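# the following comprises the amino acid sequence and a computationally predicted model.
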Amino acid sequence: MKSHVVPSLSSALFLLLVAGVPRNARGVDVTINWNDVRQEIVGFGASCANENGARMMGVPEPARTQMFDALFDSVKGIGFTIVRCDQPYALLDASGNMVNWDVSYPVAGTFANQAAIMKEAQKRGVAKFWAAPWTPPPMWKQSNQMGGGGSLLRSHYQDYANYQSRFVRECKARYGISLMGISVQNEPQFDPSYGGCPWSGADIRDYIRDYLGPTLKRDSVKISIIAAESNWNEPQYIDPTMDDPNAAKYVDIVGFHQYTGGPRIYSKAFSHGKQVWETEMSNYTSDNSAAYGCDYAIAIWDNFTTGEVNAWHYWWFMMTGGFVQYQNNQLNLGKVIYFFGHYSKFVRPGFRRITCTPAQTTGPGNGKICISAFKNLSSGRFAIVVANRDIVKPQPLITYHFNELSPAVVTPYLTSSEIATQNIEKQPDIPVVNGTFSYMLPNVSIVTFVGQGTPTLVERKPAIQPVSTLPSAAVAAGDIRLHMPNPAVGTATLVDLAGRTVARWTVKALTEQTFAVSSSLPRQVYHFYLTAAGQSLALEVLCR
């Protein structure tokens, strides 16, 4: 609720702030919807796969430690929280023993290098590691080659499921790395000669349903299966799996790459309560400028707001135009890492996205301005990330209005193209008056406003007691009926297991109210949140 009593000191500071704004600055108003909660954020990652592991471990000290701090330390650096490695293709000797750990995909480099990088990430708080194969062992493929025309023979599906299960177990036993996920195939639609394996959507479904899923269960390997890692505009590689309940039950994460097609809602994943991750993107350019970094920040924004993903990945950690480079005996950090870092550093695992209205606008030069907001439900800590791709002055002035929240101050952190050393640089606090503050964005910049809001309470024994969750004769889904002994106006939200809001109602000032659930919703468990009279209620409900 907005306060109608404005302290005189805060008012004076606010007037001084606005008074310093040029009269020709274009004003934009954005509303931050504090209680419109969307998907959970799992984290941000990149890959040490292939020869990148050898390249990173080849950086001499002390630059190597500086590199790992920059990548994985959330205080000294940008705080990546996910590492993607590759699953080596030739771990077996002629007798089938898993011994050849020095043979990795396919350029010089060993899995030991990747394991060492993951151990360095572990030291700095990273807990999520997952593997993607570029090719199964060639001896089980049609072509007997690493890539270029050879699918996995169905007669070896069980062999390969055994291989993947054993790889996960050996990774833990040999290196102390507990993988949380394993992919069926990196880019099943692509079969380059340096390492690839084409799969159809039906192949992926059958392999997961009949081989990989049961094998991991047999071996008591508790790991998330990730599929299908095709591009956003190629859902035909994952559709058959999601359309088959016996296959879908084994998949925890649907992964997409962002090379062709833009992010979009993949409803088949949400209907099964699966997470959606963007698992690879890069433009393979030497550009490490602020403009290039801003383009990536907007790509991240698009994935979270349009695709409602739970995690986002770049390609390699170290590459030309990437996050870190080692050239001329010096570690170089370009602007790209800092633009990306506004998300990974401030939007930590477990945060939930909250909506902004509008989420996108334009600057005076018609460049994109993209706004996304996130909060921690239990602590109330929040981050509002704003990327400005405009290059024409006057710079835009954005006024932010909190809906159902009025924090005391926000703290901006700024990365801009106009000052080379201005990288995630803390700026003076801005007072929030009556739930409102303003800020002028530099050209080609990104700013994150960090602040403290109110926690979203989840009570097992709420003051507002549920009467029942009953099926309704009028619809195929189950309506939700509540009795409220203390009538009060509020809001109610229904969220699926992926954290996506599927329904929202206004609570009327009545002692009893029924919330009609759409009959088009699939039968599954949902989380129902109700806020009224200053109290919060969380229920698990089965809509059927």
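Perfect, thanks for sending it.
# since we're on the closest residue to D36 other than its chain neighbours, how many residues are nearby?
Nearest non-adjacent residue to D36, counting by Cβ to Cβ, 6 or more residues apart in numbering: T355, 4.4 Å away. Bear in mind the C-beta positions are built from the backbone N, C-alpha and C, glycine included. The local packing of T355 (other Cβ atoms under 10 Å) involves 20 other residues.
# which SSE is T355 in?
Element membership for T355, per DSSP states H and E: strand 352-357.
# walk me through the domains of the protein.
Per the record, the chain has its domains at 8-39+353-452, 42-349, 466-543, by automatic domain parsing.
# can you check the distance spanned by the longest one, start to finish?
So the one you mean is domain 42-349. 5 Å (Cα to Cα, to the nearest Å).
# what are the ranges of the helices in the stretch 1-150 of the chain?
In the stretch 1-150 of the chain, helices defined by DSSP state H, counting those that start in this stretch lie at 8-19, 52-57, 63-72, 111-123, listed in chain order.
# buried ones in the second one?
By neighbour count with 16 or more other Cβ atoms under 10 Å, helix 52-57 contains the buried residues N52, G53, A54, R55, M56, M57.
# now for that helix, which elements pack on it?
If you count contacts as 3 or more Cβ pairs under 8 Å, 6 or more residues apart in numbering; DSSP states H and E, helix 52-57 packs onto helix 63-72, helix 111-123.
# of all the ones you listed, which lies closest to F323?
helix 63-72 (6.7 Å; Cβ to Cβ).
# quick check: angle from the closest one to helix 111-123?
60 degrees (axes from the mean of the first three to the mean of the last three Cα atoms, to 10 degrees).
# what does helix 63-72 rub up against?
Outside of helix 63-72, the residues within contact range by Cβ atoms under 8 Å, 6 or more residues apart in numbering are 56-57, 59, 76-80, 117, 120-121, 123-126, 317-318, 323-324, 326, 330-331, 333, 337.
# could you redo the last one with a cut-off of 10 Å?
Contacts with helix 63-72, where a contact means Cβ atoms under 10 Å, 6 or more residues apart in numbering, come from 46, 48, 56-59, 61, 75-81, 83, 117-126, 317-318, 323-326, 329-333, 337-338, 341, 344.
# buried subset of the residues you listed?
The buried subset of the contacts of helix 63-72 - by 16+ other Cβ under 10 Å - is 46, 48, 56-57, 59, 77-81, 83, 117-118, 120-122, 124, 126, 317-318, 323-326, 331, 333, 337-338, 341, 344.
# which ones are touching the residue nearest to D36?
With contact set as Cβ under 10 Å, 6+ apart, T355 has these partners: 31-38, 305, 371-373, 403, 501.
# so which of the residues you listed comes closest to V254?
R38 (16.9 Å).
# out of everything not next to it in sequence, what's closest to the closest one?
R353 (4.3 Å).
# helix, strand, or coil at the nearest residue to P263 once chain neighbours are set aside?
With Cβ to Cβ, 6+ apart as the criterion, P263 has its nearest non-adjacent residue at 3.1 Å, and that residue is G307. Of the three states, G307 takes coil according to DSSP: H, G, I helix; E, B strand; the rest coil.
# now do A269
Secondary structure assignment for A269 (three-state DSSP): helix.
# tell me how far it lies from N310.
Distance from A269 to N310, counting by Cβ to Cβ, to the nearest Å: 10 Å.
# over to T454?
Counting by Cβ to Cβ, the gap from T454 to N310 is 24 Å.
# which of these two has more neighbours?
Using other Cβ under 10 Å, the more surrounded residue of T454 and N310 is N310, with 25 against 16.
# pLDDT at the more buried one, what is it?
N310 is assigned 96 on the pLDDT scale.
# correct me if wrong: it contacts V42.
Yes: counting by Cβ atoms under 10 Å, N310 does reach V42; the two are 4.6 Å apart.
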